[in-house]
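1. I would like to see how this sequence folds:
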Amino acid sequence: MPTGILIVDDHPLFVEALEQVIQGTFPDATVAKATSIDTARAVLDKESRFDLVLLDLSMPGTRGLEGVIELRTRYPKLPIVVVSALEDPRIIHEVMQCGAAGFISKSTRGGDLGRALKQVMEGTVVLPKGYQPPEVTSASSDLAARIATLTPQQVRVLHMLRQGLLNKQIAYDLGVGETTIKAHVSEILRKLKVASRTQAVIEAAKIDFDSILGSSRDD
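-> Numbering: from 1, shown residues only. This next block holds a predicted model:
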């Protein structure tokens with residue numbers, strides 16, 4: 001059974017309810033909370049006692065699947081289960097393509113949620129009841145596989161490129177030299193199979209929810 005669980009969610013009432021379910025399911029587990037991906041990263045970098053991360057998709061400072069991808073890339077051995085109100089099969093499919101250990105709907109009742117958490121810790125992949133993978137999948141599936149080849153630092157650089165930051169600004173924020181950022185950008189372009197920063201940003205936009213949900217219409 002888990003000794004530490006990290007809840008990454010910025011909705012206080014849901015976090016409180018989720019913490020109660022966890023304590024009822026795993027009485028000896030320690031529960032920590034983070035309200036953003038940056039905070040979650042700081043907590044996970046500081047301590048290694050966590051056995052499970054419960055992650056909301058809609059987090060401050062992140063778009064689409066960025067949060068899942070960043071945490072999966074940075075902590076590849078740590079099970080991450082998405083707990084979200086976004087229940088569209090296309091989104092669930094993309095979340096699982098990113099390497100999540102499961103997907104639990106926020107509408108799940110307390111007792112069922114506790115059982116789902118137990119199943120996750122037993123190694124079972126948990127998905128919403130009745131979930132069927134979409135027949136038509138988006139280009140983001142291939143993109144998620146390519147992004148998975150990036151290093152954690154390259155994932156952060158890509159996120160900053162999407163924010164429109166220049167190399168100099170990214171270097172300052174990350175506390176490294178501009179030459180290092182240029183090398184990261186070159187590797188990002190190579191791994192994403194694009195020729196420019198603009199194309200990299202356009203590609204990365206495919207992991208946003210509006211792009212995923214609009215993919216079937218495009219196809």
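2. just how off-centre is stretch 95-104 within its chain?
-> 9 Å (C-alpha atoms, centre = their mean, to the nearest Å).
3. do stretch 74-92 as well
-> With C-alpha atoms, centre = their mean, you get 6 Å for stretch 74-92.
4. List the buried residues in it.
-> 74-75, 78-84, 86, 89-92 (16 or more other C-beta atoms under 10 Å). From N, CA and C alone the C-beta is placed, and that goes for glycine too.
5. For that stretch, output the C-alpha coordinates as PDB.
-> What follows is stretch 74-92, C-alpha atoms only, in PDB (Å, rounded to 0.1, in the frame of the first residue of the first chain):
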ATOM      1  CA  ARG A  74      10.500  14.000 -15.400                       C
ATOM      2  CA  TYR A  75       9.400  11.100 -13.200                       C
ATOM      3  CA  PRO A  76       9.100   8.000 -15.500                       C
ATOM      4  CA  LYS A  77       8.800   5.500 -12.700                       C
ATOM      5  CA  LEU A  78       6.200   7.300 -10.700                       C
ATOM      6  CA  PRO A  79       2.500   6.200 -11.400                       C
ATOM      7  CA  ILE A  80       0.400   9.200 -12.500                       C
ATOM      8  CA  VAL A  81      -3.400   8.800 -12.500                       C
ATOM      9  CA  VAL A  82      -5.400  11.600 -14.100                       C
ATOM     10  CA  VAL A  83      -8.500  12.600 -12.100                       C
ATOM     11  CA  SER A  84     -10.500  15.000 -14.300                       C
ATOM     12  CA  ALA A  85     -13.900  16.300 -15.200                       C
ATOM     13  CA  LEU A  86     -12.900  16.000 -18.900                       C
ATOM     14  CA  GLU A  87     -14.400  12.700 -19.800                       C
ATOM     15  CA  ASP A  88     -14.400  12.700 -23.600                       C
ATOM     16  CA  PRO A  89     -13.000   9.400 -24.900                       C
ATOM     17  CA  ARG A  90     -10.600  11.200 -27.200                       C
ATOM     18  CA  ILE A  91      -9.000  13.000 -24.200                       C
ATOM     19  CA  ILE A  92      -8.800   9.800 -22.200                       C
END
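6. For it, give the mean pLDDT please.
-> Throughout stretch 74-92, pLDDT has a mean value of 91.
7. again with stretch 17-37
-> Taken as a whole, stretch 17-37 carries a mean pLDDT of 92.
8. Quick one: end-to-end length of it, please.
-> Across stretch 17-37, the terminal residues are separated by 20 Å (C-alpha to C-alpha, to the nearest Å).
9. same question, stretch 20-39
-> With C-alpha to C-alpha as the measure, the ends of stretch 20-39 fall 22 Å from one another.
10. buried ones in that stretch?
-> Under 16+ other C-beta under 10 Å, the buried positions of stretch 20-39 are 21-22, 25-26, 29-37, 39.
11. Just send those residues back as TSV, with secondary structure too.
-> Listed next are the buried residues of stretch 20-39 as TSV, based on DSSP: H, G, I helix; E, B strand; the rest coil:
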residue	secondary structure
V21	helix
I22	helix
T25	helix
F26	coil
A29	coil
T30	strand
V31	strand
A32	strand
K33	strand
A34	strand
T35	coil
S36	coil
I37	helix
T39	helix
